[in-house]
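Engineer: How does the following fold in three dimensions:
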Amino acid sequence: MTTTRVFQSGNSQAVRIPREFQLDVTEIEIFRRGDELVLRKKPDNLLDVLDIFAAMPDDFMEEGRSDPLPQERNFDL
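Structural biologist: Predicted structure coming up:
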């Protein structure tokens, strides 16, 4: 696994991106997923999003969702 350094750049925190992970864009999206930080190319428009959906495997969520039942609440308080 590749590691890198985290450092201060003015009032921001920065990360050195090793050559093998460098991006060919000028703007990216960043978000948290659990304890991970995810960096990815910012979609140009909704067509990029449709491409992501089209790339999902045919058996994606084949067994449906298993969400818990909604919590019962008393709104008469």
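Engineer: can I assume Leu50 sits in a helix?
Structural biologist: Yes. Leu50 sits within a helix when classified using DSSP: H, G, I helix; E, B strand; the rest coil.
Engineer: now it: how far from Thr2?
Structural biologist: 32 Å (C-beta to C-beta, to the nearest Å). No exception for glycine: its C-beta is placed from N, CA and C like everyone else's.
Engineer: Pick out whichever of the two has more residues nearby.
Structural biologist: For Leu50 versus Thr2, neighbours defined as other C-beta atoms under 10 Å are more numerous around Leu50 (11 against 7).
Engineer: contacting residues for that one?
Structural biologist: By C-beta atoms under 8 Å, 6 or more residues apart in numbering, the contact set of Leu50 is empty.
Engineer: quick one: the helices in the chain?
Structural biologist: 46-54 (DSSP state H).
Engineer: now the worst-scoring helix or strand of it on mean pLDDT, how far from the chain's geometric center?
Structural biologist: Every helix and strand in the chain was compared by mean pLDDT, DSSP states H and E; the lowest is helix 46-54, with a mean of 81. Relative to the centre of its chain, helix 46-54 is centred 15 Å away, using C-alpha atoms, centre = their mean, to the nearest Å.
Engineer: And the strands in this protein, which stretches?
Structural biologist: 6-9, 12-15, 28-33, 36-41 (DSSP state E).
Engineer: Could you provide those in JSON lines, with additional columns for distance to Phe21?
Structural biologist: Below are the strands of the chain laid out as JSON lines (distance: least, C-beta to C-beta, whole Å):
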{"stretch": "strand 6-9", "distance to Phe21": "14"}
{"stretch": "strand 12-15", "distance to Phe21": "10"}
{"stretch": "strand 28-33", "distance to Phe21": "12"}
{"stretch": "strand 36-41", "distance to Phe21": "9"}
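Engineer: Asp67: which of those strands is closest?
Structural biologist: Asp67 lies closest to strand 28-33 among the strands of the chain, at 19.0 Å (C-beta to C-beta).
Engineer: With that, I have no additional questions.
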